[in-house]
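Asks: I'll drop the sequence and a predicted model, then ask my questions.
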Amino acid sequence: MTRHGRLVLTLLLLALPACGEEEPAGEQGGGGLNVFPASYDLTDRTPSRFLVGLTTQRNLSVIGGTVQLRFSYLGAGRAEGEPQFYREATAEFLPVPLSPEPPPGPVAAPVSVGRGVYKVEEFEFDRSGLWEVEVTAELAEGTRSGTGAFEVLADAKVPLPGEPAPPSDNLVVGDEPAEAVDSRAEETGKVPDPELHDTTIADAIEARHPALVVFSTPVYCVSRFCGPITEMVEGLEKRYGDRAEFIHVEIWNNFQQQSINQAAADWLYREGGEELLEPWVFLIGADGVIVERWDNVASEKEIEPLLQDLPKLK
């Protein structure tokens, strides 16, 4: 399976408990964990967040609290002999924005109780290649564990902090069709959050304004995380719109024809990349350099302190 195939499977499985009849919180019996590495662009060039989603054998989500991770190296291009232990880490639950407050946890629960992933902040891998993470969770029903494989790249495919931000001319309110500006305009023909669509990344950089940019497709998002994350960015705009530009870039110009908006391709598609993945959130500084990036699941708790440090725009 390709890297993109693994990630899409990850996100489909993370969303799976929402798609059928919900089971009661907690479950009887043993069984391990389904482990789904959920980071998009891991590289050995720089420390980055490591995200992992967990479900039980009965497809209940594991949410809340912390879990223990054990990382091992498998090989340069494929598994080569026994895994080589690297490091251990503790991962903290990171809820999807606008989801219910998670229990102390970790607990096995239906998606109505909470959704999200577990996160290790600033984890550094010492080499590229195929890796494995073993996750152990102390649930009320007993200790559960499982493993998942993932790839660490030699070179990032998406712009990194410290790199110049691509000066893209993303679509804004008034451009047609409206659903290419924001896929949520598909039904009404009106962009639902014009505050996120009134300027371009290129214009923000030229004006030397910081910008918080979310790349997402709320209607077509495989993980179903895009809508809540876009709404979270809109909420931040209401509080910090005097400190930065807030921009939403819709992924698809035409979903049925699989035509990608050029601004999304500028940032998220790289030569040799198998597929564009989203959602992503980037903070661009007033100097046009990327300050930070957040893949897949981003939260106010991570982003808001950086916005608070920005001076008000003149």
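Replies: Perfect, thanks for sending it.
Asks: give me the number of residues near I247?
Replies: 27 (other Cβ atoms under 10 Å). From N, CA and C alone the C-beta is placed, and that goes for glycine too.
Asks: same deal with I303?
Replies: Other residues close to I303 by other Cβ under 10 Å number 19.
Asks: how close does it get to T55?
Replies: 27 Å (Cβ to Cβ, to the nearest Å).
Asks: and for G235?
Replies: Distance from G235 to T55, by Cβ to Cβ: 28 Å.
Asks: buried sites along stretch 210-225?
Replies: 210-219, 221-225 (16 or more other Cβ atoms under 10 Å).
Asks: list the contacts for the closest residue to L98 other than its chain neighbours?
Replies: Nearest non-adjacent residue to L98, counting by Cβ to Cβ, 6 or more residues apart in numbering: P228, 4.4 Å away. Neighbouring residues of P228 by Cβ atoms under 8 Å, 6 or more residues apart in numbering: V96, P97, L98, S99.
Asks: same check, this time on G235
Replies: G235 neighbours (Cβ under 8 Å, 6+ apart): E300.
Asks: for the host helix or strand of it, the averaged confidence score.
Replies: G235 is part of helix 226-240 when elements are defined by DSSP states H and E. For helix 226-240, the mean pLDDT works out to 96.
Asks: quick check: chain neighbours aside, which residue is closest to I247?
Replies: That would be V213: by Cβ to Cβ, 6+ apart, it lies 4.6 Å from I247.
Asks: what angle separates the strand or helix carrying the one you found from helix 226-240?
Replies: Element membership of V213, judged by DSSP H and E, is strand 211-216. Calculated by axes from the mean of the first three to the mean of the last three Cα atoms, to 10 degrees, strand 211-216 forms an angle of 160 degrees with helix 226-240.
Asks: ok, back up a step: which residues touch the following helix or strand past the helix holding G235?
Replies: Downstream of helix 226-240, the next assigned helix or strand under DSSP H and E is strand 245-250. Contacts with strand 245-250, where a contact means Cβ under 8 Å, 6+ apart, come from 168, 170-171, 179-183, 193, 195-197, 199-201, 204, 209-217, 230, 233-234, 236-237, 240, 261, 263-264, 267.
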